[in-house]
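**Student:** fold the stuff below for me.
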Amino acid sequence: MNPLPNDAWFTEVFDSHASAFSLKVSEKLLDVQSPYQHLEVYATETYGNLMVLDGCVMLTDRDNFLYHEMIAHPALFTHQDPKRVVIIGGGDCGTLKEVLRHPGVEHVTQIDIDEEVTKAAERFFPSLVESNDDPRAELLFADGVKWVDDAPGESIDVLIIDSTDPVGPAEGLFKTDFLKRCHRILKNGGVMVQQSESPLYHSGSIIRELRHDMREAGFNSVATLPFPQPVYPSGWWSVTLAGKETDVNHFREDAAADHDMPLQYYTRDAHRGALVLPPFMRNALA
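**Tutor:** As a prediction, the model looks like this:
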């Protein structure tokens, strides 16, 4: 533990958009250089614990539910009967927790290259790892791209790419060739979802390119769903779904309304609303 001065702040600067985000911090709880990235955990005054990778905010206690619910539940309610789910990345285990809320899911494999992220979550974000002992969960610490290469064809119902920004270890997860390999291992009717950065900053670049590459990879439908995320660049984030012989612009609305999961953000109406993009996004993605 490393107490910090009373006026200490953690700040992430977004040079490409001349903006920044800051949280007042009281203590540095962890500072680890893994073989893959620099991992830090801070105690903040108003957002609980904060995880940082290579200087970029990954999650906080206060608002991580927004991201984890929106990367998991839209995809699972879009698939007609998800039983086998794979998560690439997601080492903090928050997405795994959300997926395992679905009783029909029979097996979830999570593959993250950096075990230090999961160790940090176990120490400092215990609510995120509370489902890790579920018998349906399998945690692997390996290269997700290689895992996809080795997986049998048409063997997965839902594939979740819970990656960091498209740099460093996660860069390969945004490439067309990787998306083609993802398409190969999904069953017909399968759904893929990938975090896709800020609608305000990246609609005309990363998001547009990802949607194009998903179609080039063989997916017949795509849908980008924006949602609030205060600690990420611009305070607004997105996930993009892609369907293999299925339309990801429609979902099981009755099931999304009738579940008894204790969710904090995702609802049937939130899902409906996120599918209706604002005009500036529609124009940028055209």
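**Student:** how deep is Arg184 tucked in, by neighbour count?
**Tutor:** By the criterion of other CB atoms under 10 Å, Arg184 has 18 neighbours. Quick note: C-beta positions are derived from backbone N, CA and C, even for glycine.
**Student:** name the nearest residue to it, ignoring sequence neighbours.
**Tutor:** Spatial nearest neighbour of Arg184, chain neighbours left out: Gly153 (5.3 Å); criterion: CB to CB, 6 or more residues apart in numbering.
**Student:** how about the strand or helix carrying Val145: buried residues?
**Tutor:** Using DSSP states H and E, Val145 sits in helix 144-150. For helix 144-150, the buried set under the neighbour-count rule, 16 or more other CB atoms under 10 Å, comprises 144-145, 147-148.
**Student:** save the residues you listed as JSON lines, and put in distance to Phe219 and pLDDT too.
**Tutor:** Formatted as JSON lines, the buried residues of helix 144-150 follow (distance: CB to CB, whole Å; pLDDT from 0 to 100):
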{"residue": "Gly144", "distance to Phe219": "19", "pLDDT": "93"}
{"residue": "Val145", "distance to Phe219": "18", "pLDDT": "92"}
{"residue": "Trp147", "distance to Phe219": "20", "pLDDT": "96"}
{"residue": "Val148", "distance to Phe219": "15", "pLDDT": "95"}
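**Student:** could I get those as TSV with distance to Ile185?
**Tutor:** TSV is the format used below for these (distance: CB to CB, whole Å):
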residue	distance to Ile185
Gly144	12
Val145	12
Trp147	10
Val148	6
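**Student:** just the closest of those to Arg123, please.
**Tutor:** Gly144 (23.3 Å; CB to CB).
**Student:** correct me, but the closest one touches Ile113?
**Tutor:** Yes: between Gly144 and Ile113 there is a contact at 6.6 Å, judged by CB atoms under 8 Å.
**Student:** check contacts around Tyr201.
**Tutor:** 14, 16-17, 233-234 (CB atoms under 8 Å, 6 or more residues apart in numbering).
**Student:** what ranges do the strands span in the stretch 151-286 of the chain?
**Tutor:** Using DSSP state E, counting those that start in this stretch, the strands of the stretch 151-286 of the chain run over 156-162, 186-195, 221-228, 236-243.
**Student:** just to revisit the earlier point, how about the residue nearest to Arg184, phi and psi?
**Tutor:** phi -70, psi 150 (degrees, to the nearest 10).
**Student:** distance of it relative to Val86?
**Tutor:** Distance, Gly153 to Val86, by CB to CB, to the nearest Å: 13 Å.
**Student:** give me the low-pLDDT residue ranges for this structure?
**Tutor:** Along the chain, the model assigns pLDDT under 70 to residues 1, 164-174.
**Student:** break it into its domains for me.
**Tutor:** Annotated domains of the chain cover 2-60, 64-285 [automatic domain parsing].
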